[in-house]
Structure formats: structure tokens, C-alpha cells
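Novice: I'd like to go over a predicted model; first the sequence, then the structure.
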Amino acid sequence: MRILSFSRVIFLALGLGLFSGLAFAHHISSTLDATAPAIPDGVTSVTTGTMPARLYRPGGTPGTCDTPKTVPVEANYTGTFRYDTYTITPAVSGCVTVSSHYYGGEGVFQVTAYSSFDPTNPKANFIADSYLSVTGTNKRQFMSFMATAGTPYTLVVWNAFTGEGQPYVIEICDSMARPGDFDGDGFTDTAVFRPSTGDWYILQSSTNTTFIDHFGLNGDIPIDADYDGDGLTDLAIFRPSAGQWWFKRSSNGVVLGVQFGLSSDKPTPGDYDKDGIADIAFFRPSNSYWYVLRSSDNFASYYGYPYGTTGDIPVASERK
């Protein structure tokens, strides 16, 4: 393990309007009813219909590009469930983020991504889901997944119950959703990391303005968490090509780099030693071992332990 320490860095801060600079590729607004939605710009085709079953995930986290999810179970609910589909053929390869928004209505809805959608078998061709329904008390959900240029994918918006008329809004962009409390007001901020440019866009809940920071390179994986124990989410990335971790401490602006892991390892930061600070950690698929670099001794020592088997996907811990 090697520590790579840097002095304070200067970063860019711009006060922009609501969602300015996020450059969502698609903004879709419609209602789950018997009328097919209009075809938005950038969408190849749309359909509407009903399906006899729906998916259910009993707890967990949303699917992301760095930690994809296994297929949910098929819920044992009776009735028919309304859905709308949007098929998109991306022009470039990369990470796609879908943000789902609730603006009232009688029911709740969910969004799932498929390589192709079969309403008679909602588990087939599954790519990603946001894990939770979008409701009045849970007003926004995110998910992200990898897409390949020229290969279409289908987003399915579906009603979790049998009622119709539920309005919904979904927004799609080529960035990774990274919500966290970046401004320290106790509320989660909407944030995305754009892998193609290494830029972070953070909609600060305290001021309702967008903060932009460049931290990372193309190919980096965002691993933001609280690495200094001040209660704020720190910008952080894992660079697979070099096995390096880089994070910027919100408490003093200092950037710290750590050499820990291989390009094939899966980053899984979290507070493993109960000191209130995120530890640097990864899962190694080749031997199903977890390796943890302790924050409690200033990242001076690590330990490893086996947990899992070939083909398992590590579940990311809750980020502070």
C-alpha cells in the first residue's frame, strides 16, 4: 500500500440555476394510462400496455454502473399493471443514469431497464432497476447502467399497483447518479458524476444552486463517501487502470491518493471499523475475498477475509 498525498487544490465553483449544466439527454413526462405516450426526442419507439405480474426487490440499493444488481424476484401480486416503454439506441458507449420523479397521483411507479422487454416475463432481459418505488414520501429515485453504442435498451415505467392515471417524470443522462450530503445541511443533494469528463454536478439543497467540480478522469469509478468524519460526503474516485483511490477531504480541501487494489477489483467503501469514517475497501472476484484498508490507523494497515463465491456481485455499503 502506498500513500500519495497532495497539498490543497484549487477547484471550480459555479452558481447555476436548477439543474443547469446537467445536460440531460432526455426529459420524459407522461401518465400511466391506456394512451401511448408521445415519442420524445432521442427515443426510437414507445409502447403502452398491461402485464400480469411485476418485479419486487425486498431491500437493497439501486443498480449502478460500478455495482450492477441481480434480477429481482417476481412479486406474487394479482391483477394487471400498466406500463409505458421507451426504447433508446445510444450513439456512444458509457454509463446511463435515469432519475425518476414523483409529482402526485393516486399510486406509485417504478422504472426498470431491459435489453428488450417481454411483458409476459418481467424478469427476462433485465439490466437494472432503482429498487424502490417513487412515491410521495420517496420523491426521487436513481439508477445507472452501462450502455453500448448502437445497442438499444428499453426503459419500462410501470405502476406498482393496479390503478391507472399515475403521472411520472423521468430524466436520462450519460452520467452516474451520486446523491449525498455535500453541503452539510443534513439533506441529500442530487449529484451526478460524468465519467467522460471527470466532472461532478451537485445540486446543493441548501442554496438550490449547482456546484461543479472537476475531480477524476475518463474511466474512473466514483466512490464518494465521508473519508474524514466531518459528516459531509467527499468527492472520491477509484482509478482501475492504476489501482488508485483518490479523495478530496471536505474538511480541509486536501486531496489524498492511496494505492490499493487491482484493475479487476470492485470498490466497496464503507465504515468497516466503526470509527465513523469510511474505509477504503474492495471485493476481489477472482478469489471472493474482501480487503479493507482501515481509516482508524490512517490507512496504515489492511485485512482480508473470504465471503462469497464465483459470480457474486458485491453489495455497496451505505455512503455517508
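Specialist: Yes, it's here. Computed from a prediction, not measured in an experiment: that's the story for all the values here.
Novice: what sits closest to residue 43 if chain neighbours are left out?
Specialist: residue 86 (5.0 Å; CB to CB, 6 or more residues apart in numbering). All C-beta spots, glycine's among them, are computed from the backbone N, C-alpha and C.
Novice: now find how far off-centre the helix or strand hosting the one you found is within its chain.
Specialist: Per DSSP states H and E, residue 86 falls inside strand 81-88. Going by CA atoms, centre = their mean, to the nearest Å, the spacing between the C-alpha centre of strand 81-88 and its chain's C-alpha centre is 21 Å.
Novice: helices or strands up against that strand?
Specialist: strand 26-32, strand 45-51, strand 153-159 (3 or more CB pairs under 8 Å, 6 or more residues apart in numbering; DSSP states H and E).
Novice: centre of the chain to the helix or strand following that strand, how far?
Specialist: Using DSSP H and E, the helix or strand that follows strand 81-88 towards the C-terminus is strand 94-101. Centre-to-centre, strand 94-101 and its host chain are 8 Å apart (CA atoms, centre = their mean).
Novice: distance to residue 208 and mean pLDDT for the helices and strands packed on strand 81-88 - can I get that in a markdown table?
Specialist: Output for these, formatted as a markdown table (distance: least, CB to CB, whole Å; pLDDT from 0 to 100):
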| stretch | distance to residue 208 | mean pLDDT |
| --- | --- | --- |
| strand 26-32 | 19 | 83 |
| strand 45-51 | 32 | 94 |
| strand 153-159 | 27 | 92 |
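Novice: Throw the ones you listed into a markdown table and include mean neighbour count, thanks.
Specialist: Below are the helices and strands packed on strand 81-88 laid out as a markdown table (neighbours: other CB atoms under 10 Å):
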| stretch | mean neighbour count |
| --- | --- |
| strand 26-32 | 18 |
| strand 45-51 | 16 |
| strand 153-159 | 24 |
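Novice: these two touch, right, residue 156 and residue 115?
Specialist: No - using CB atoms under 8 Å, residue 156 makes no contact with residue 115, being 11.7 Å away.
Novice: contacts only, for the residue nearest to residue 43.
Specialist: 26, 28, 37, 40, 43, 45, 46, 154, 155, 157 (CB atoms under 8 Å, 6 or more residues apart in numbering).
Novice: apply 10 Å and report the result again.
Specialist: For residue 86, the contact set (CB atoms under 10 Å, 6 or more residues apart in numbering) comprises 26, 28, 30, 37, 39-40, 42-47, 111, 153-157, 170, 172.
Novice: for residue 231, same thing?
Specialist: Going by CB under 10 Å, 6+ apart, the list of residues near residue 231 reads 181, 184, 186, 250, 251, 276, 320.
Novice: and the gap between the fifth one and residue 233?
Specialist: Yep, that's residue 251 we're talking about. Distance, residue 251 to residue 233, by CB to CB, to the nearest Å: 12 Å.
Novice: repeat that for the fourth one.
Specialist: For residue 250, the distance to residue 233 equals 7 Å [CB to CB].
Novice: okay, domains of this protein per the record?
Specialist: 2-16+218-306, 26-173 (automatic domain parsing).
Novice: mind giving me TSV with these and columns for distance to residue 204?
Specialist: Formatted as TSV, the domains of the chain follow (distance: least, CB to CB, whole Å):
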stretch	distance to residue 204
domain 2-16+218-306	9
domain 26-173	15
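Novice: what's the helix or strand for residue 256?
Specialist: Judged by DSSP H and E, residue 256 forms part of strand 254-259.
Novice: whoops, residue 202 was the one
Specialist: Using DSSP H and E, residue 202 falls within strand 199-204.
Novice: paired strands for that strand, with orientation please.
Specialist: strand 190-194 (antiparallel), strand 209-214 (antiparallel) (DSSP bridges).
Novice: what about the stretch 201-320 of the chain, any weak spots by pLDDT?
Specialist: Within the stretch 201-320 of the chain, the ranges that satisfy pLDDT under 70 run 316-320.
Novice: all strands for it, in order.
Specialist: 209-214, 221-222, 235-239, 244-248, 254-259, 266-267, 280-284, 289-293, 302-306 (DSSP state E, counting those that start in this stretch).
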